[in-house]
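Visitor: Below is the sequence, then the predicted model.
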Amino acid sequence: MGLLAQFPPCLALYGAVARLMFSLSGFVWGCGLVDVLLVWLCMGLWLGCCSPCLAWFGTVAGPASSLSLYLYLLLFQMWKQKWQKKGEQFGGGGKHFNRSEDTCFHCGRKGHWASQCPGKVLPVTKPEEAEPMEEEIMLPSLEDVARMTNTPMGTITEICEGHHNANHEVIRPVYEPAPLPPTMTPLYELEPSGTVQDTPPEVYAALAELGYHRFRPGQEEAIMRILSGLSSLVILSTGMGKSLCYQLPAFMYAKRSPCITLVISPLVSLMDDQVSGLPSKLKAVCIHSNMTRNQREAAMEKVKQGKVHVLLLSPEALVGGGLSGSSCLPPADQLPPVAFACIDEVHCVSEWSHNFRPCYLRLCKVLRERLGVRCLLGLTATATLGTAQDVARHLEVSDIDKTPLRLAAVPPNLHLSVSMDQDRDQALVTLLKGERFGCCLDSVIIYCTRREETQRLAALLRTCLQGVMVNRPAEENVSVESDKKKAQARKKIRRPLKWMADSYHAGLSAAERRRVQNNFMSGQLRIVVATVAFGMGLDKSDVRGIIHYNMPKNFESYVQEIGRAGRDGKDAHCHLFLDPNSQDLDELRRHVYADSVDYITVKKLVQRVFPTCKCRDIQNKREALRRGCELDDDEMLDFLAQCDGEEEARPPSMDKAVERTCHRHERVLPIEETVQALDVREEGIETLLCYLELHSSHWLELLHPTLSVCRVTCYSGPRQLRGIAHSCPPVAVALARERLSGVDHTHTSSVEFNVVEVADFMGWEVVLVKRGLRNLQWNSSSSGGFRGTGRSGVLVEFSALSFHFRSYGDLTDEELEDVCDFLHHKVSSREATALRQLKSCYRVFQSVTYRSSAACAEQVNLERSAQLKAHILEYFEGRNPLNDEGRENAEEELSKEKAEDWLAQLSCDVRLFLSIHQDERFSGRNLARDFSWDRKSMLPSTGLWAGSALLAEIPPLGLYQSHADL
Ligand SMILES: Nc1ncnc2c1ncn2[C@@H]1O[C@H](COP(=O)(O)OP(=O)(O)OP(=O)(O)O)[C@@H](O)[C@H]1O
């Protein structure tokens, strides 16, 4: 010690180095903190003996050093755990670490971490591994289930299999419709003769309040009918002012007493613009699927408080359908009285309509039955006389002759032309550079059938029209009286290239579509090359040209599309390119076939919609039991046989008012699964279901689409599941049904079931059952949840969006056949109508076509334009435009003969096609479709090019289901 005291500086240095070495060794090898502290203590004491300065160093720097050592060690511990966890995840390591004391944040149990918590999906535990239970909770017995579901029965076996109890009484769910709001009385009474009164002065005053001086043709009659409570159909050309027909009555009704007017419009993307475009005196809100839940609720709150006059809705938002799910409206009794409902684009209501949206079919029914609306107003610009009559039937307009119908569908300021160019691209560019379209190049819409075509053409026009000077008025209000003045007033403007032409179709993102639309509306974009997705409801008054690059599928579409030009009443030009090789016609025809459904698919759907129930058996048994008191055993057997015999001898037709024993069951069809299984689009299936509902026998009642599969998962394991089964009857019934079908849930912690089926078995409302199930997540008292969190430790998830309906389960085979025939007849007649419209359209255009567009690029031939308009009018009036039925029939016969000639050849080619694609499965319909699409590459036989155009028309092909059928 004395020797060391003679060299204090060296010792201090030695002390510091030694501490550092110890710290490092502690960090690296994890040696005990105590060792390090001990050494430091000894050194500090010893240095303290040497000098006071070193004593200070020992007392201050020493603790600081040991604190940092602590931190090192903590970091090291975390690092060690991280690597241990990684090691486990990758299949190694971890075995040296003891997990038994770790506690899970998720379920609170020991032995694992939250990320590995088995509580999320607990595996089925083997009986011997089942956790020990202090107090065993058993699954509810069948009797318990019967008691819980309030069913007076000795056994629940039958209720789980059918719809009846042990007393053989059919359990019939009682569906109470929501009470309807009071019906609004009309503003004006009808004359004793049943006609409307003369227009009173306050109507003109209201017109002035909305900013108009006088009525346009058709408006006054329509408005007075609505104010007198008469349903009406208004057919006026585009831009003629149909909207005023609902705006003014809505305003006047709301002035009299608090009420709302419902306006159903198909154009979800334009609804906000429509609301902002209404006269300022009219307070309106819209509700559609593009709004957030909060926005919808805020809008609905305004409606409930009576702060708005007009509520704009999409048909899906009202009826509930497709992926939009359920209706956005609250029950009728929570709404203010509905003055009347206006349906825009009402031609969609007709099943013969060109623009088919299944929700439209059910609109009138829902408005009447769910909202108690008595007065309906339908608005459209395009409807043939046949469609108008069909729509009038839906709207219950008895005096269609007194409603404002203006079938002169094409406005006089539109100049029409058609050409049949071999090189359409070149012709299009020439046309746009020509005098006729060149001077109106500011706002042109070009319609194509295919999305890819829109992009290709937009790119082509950007290239070919590069540098083309566009005449554009410098000021909006420039006087254009004389050519000279016009020339002076116009200014040559070279716009940036990107604004020349752009494409628009439904495949673009919503933001892209909005951008194109806004650029076009603001006049910055000159040409939009679009599919039919563009333009509906577009209120741009100065569109000067419409070009159809492909033929539209019928006159209704054509008139709608050209109606977007010249809304300001000034001259506008429309040109259509007709394909000389009629490939457009083939393509459109294929679309018609693709939308159609073959008989076998209809049958498959019918089987899914009307699965057999046991109501009839039970009815028979009950009858047998009733009479059984008086019969001995043999007589009883005879009686049952007789019942069966009677069953078989039942009258086949649905029309002969069959006494039903089944009171309809609530059922679901999962949308995605059904679409896949039947290979029919969602709209197609929904349309067929609508047909069944609208049939006079009311085979079906459509309800809001719903999520039909419920999964209940208990984080605390099987015991918790058994616990909630005791307090939640739907879970008890689901477990009981599974048990009866042989699935044991004693040791599982989750169960998945069809919630609609369970609700139907119990005779409970689906909404109530779902609400009860959802509450399980929060009901911690009954299911022993996590303390303090408010959660019960039960996860309830709903999935599988499904069509939801009530249908019979006791249809006989003959009745099912009738249903199939009815549906197939509907589908086939729609197909035939679409094909007829297509052909008629093609022939009319053909009759007025030029050989080349060069003939009409500079000036339009007014005579031909008038001729085409006259044919269109004939078509809308329900007459044959070219009066060539004889020729049409002869052509049809010829094509049938040709088809028969080709049948053998086609059959051969189909075999070849199927042998190439052996690993794929085709239905008759998609085979016909794919066959036509891929005909060039797939079919080697020469001459099939022409033949394959007929392919889809050959009836037997629609019935081929497999290779064997061929
Ligand atoms: N009586 C009137 N007097 C003056 N302008 C009117 C009158 N009625 C309507 N308008 C105007 O006519 C224009 C077109 O009206 P509206 O949008 O109602 O036409 P529409 O027939 O519904 O067209 P579309 O079928 O294309 O939707 C609007 O700018 C509107 O303000």
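Guide: Sure thing, it's come through. Residues are numbered from 1 along each chain as shown.
Visitor: how many other residues sit next to Ala834?
Guide: Counted with other Cβ atoms under 10 Å, the neighbours of Ala834 add up to 22. Placement of C-beta: from N, CA and C, glycine included.
Visitor: could you say what helices and strands the helix or strand harbouring it packs with?
Guide: Per DSSP states H and E: Ala834 is located in helix 813-847. If you count contacts as 3 or more Cβ pairs under 8 Å, 6 or more residues apart in numbering; DSSP states H and E, helix 813-847 packs onto helix 555-562, helix 583-595, helix 599-609, helix 682-694, helix 862-876.
Visitor: in terms of contact, does Glu874 touch Gln867 like I think?
Guide: No - taking contacts as Cβ atoms under 8 Å, Glu874 lies outside contact range of Gln867: 10.9 Å.
Visitor: for Tyr360, what are its contacts?
Guide: 266, 315, 343, 348-349, 353 (Cβ atoms under 8 Å, 6 or more residues apart in numbering).
Visitor: Tell me which of those residues fall in helices.
Guide: Among the contacts of Tyr360, the members found in helices (DSSP state H) are Pro315.
Visitor: I'd like the helices and strands packed on helix 813-847 as TSV, with mean neighbour count appended.
Guide: Shown next, in TSV, are the helices and strands packed on helix 813-847 (neighbours: other Cβ atoms under 10 Å):
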stretch	mean neighbour count
helix 555-562	24
helix 583-595	18
helix 599-609	20
helix 682-694	21
helix 862-876	18
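Visitor: between the contacts of Tyr360, which is closest to Phe520?
Guide: Using Cβ to Cβ, the shortest approach to Phe520 within the contacts of Tyr360 belongs to Pro266, at 20.2 Å.
Visitor: residues contacting that closest one?
Guide: So, once contact is read as Cβ under 8 Å, 6+ apart, Pro266 ends up touching 314-315, 344-345, 348, 357, 360, 536.
Visitor: 6 Å instead, please
Guide: Glu345 (Cβ atoms under 6 Å, 6 or more residues apart in numbering).
Visitor: And for the residue nearest to Val766 when sequence neighbours are not counted, the neighbour number?
Guide: Distances taken as Cβ to Cβ, 6 or more residues apart in numbering place Ala759 nearest to Val766, at 4.5 Å, with adjacent residues excluded. A count of nearby residues for Ala759, using other Cβ under 10 Å, gives 22.
Visitor: Ramachandran angles for Ala759?
Guide: Backbone geometry at Ala759, expressed as degrees, to the nearest 10, gives phi -60, psi -40.
Visitor: related to what we said a few turns ago, now render the helices and strands packed on helix 813-847 as CSV, adding distance to the ligand and mean pLDDT.
Guide: Formatted as CSV, the helices and strands packed on helix 813-847 follow (distance: least, Cβ to the nearest ligand atom, whole Å; pLDDT from 0 to 100):
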stretch, distance to the ligand, mean pLDDT
helix 555-562, 8, 88
helix 583-595, 24, 82
helix 599-609, 36, 92
helix 682-694, 23, 88
helix 862-876, 15, 89
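Visitor: So for Leu835, which of those helices sits nearest?
Guide: helix 583-595 (5.8 Å).
Visitor: His665 pairs with what?
Guide: His665 has these beta-bridge partners by DSSP bridges: Ser807.
Visitor: so how far is Pro730 from it?
Guide: Using Cβ to Cβ, to the nearest Å, we find His665 at a distance of 16 Å from Pro730.
Visitor: of these two, who's got more company?
Guide: In this view His665 and Pro730 are compared by other Cβ under 10 Å, and Pro730 has more residues nearby, 25 against 22.
Visitor: buried sites along the host helix or strand of that one?
Guide: Per DSSP H and E: Pro730 is located in helix 729-740. Neighbour counts over helix 729-740 (16 or more other Cβ atoms under 10 Å) mark 729-739 as buried.
Visitor: Can you lay out those residues as CSV showing pLDDT and distance to Gln295?
Guide: Shown next, in CSV, are the buried residues of helix 729-740 (pLDDT from 0 to 100; distance: Cβ to Cβ, whole Å):
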residue, pLDDT, distance to Gln295
Pro729, 81, 37
Pro730, 84, 33
Val731, 87, 35
Ala732, 84, 40
Val733, 84, 38
Ala734, 86, 36
Leu735, 85, 41
Ala736, 82, 43
Arg737, 82, 41
Glu738, 83, 41
Arg739, 80, 46
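Visitor: Closest one of those to the ligand?
Guide: The ligand lies nearest to Pro730 out of those, by Cβ to the nearest ligand atom, at 48.2 Å.
Visitor: The buried residues of helix 729-740 into JSON lines, with extra columns for distance to Ser417?
Guide: Output for those, formatted as JSON lines (distance: Cβ to Cβ, whole Å):
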{"residue": "Pro729", "distance to Ser417": "71"}
{"residue": "Pro730", "distance to Ser417": "66"}
{"residue": "Val731", "distance to Ser417": "69"}
{"residue": "Ala732", "distance to Ser417": "73"}
{"residue": "Val733", "distance to Ser417": "69"}
{"residue": "Ala734", "distance to Ser417": "67"}
{"residue": "Leu735", "distance to Ser417": "72"}
{"residue": "Ala736", "distance to Ser417": "73"}
{"residue": "Arg737", "distance to Ser417": "68"}
{"residue": "Glu738", "distance to Ser417": "69"}
{"residue": "Arg739", "distance to Ser417": "74"}
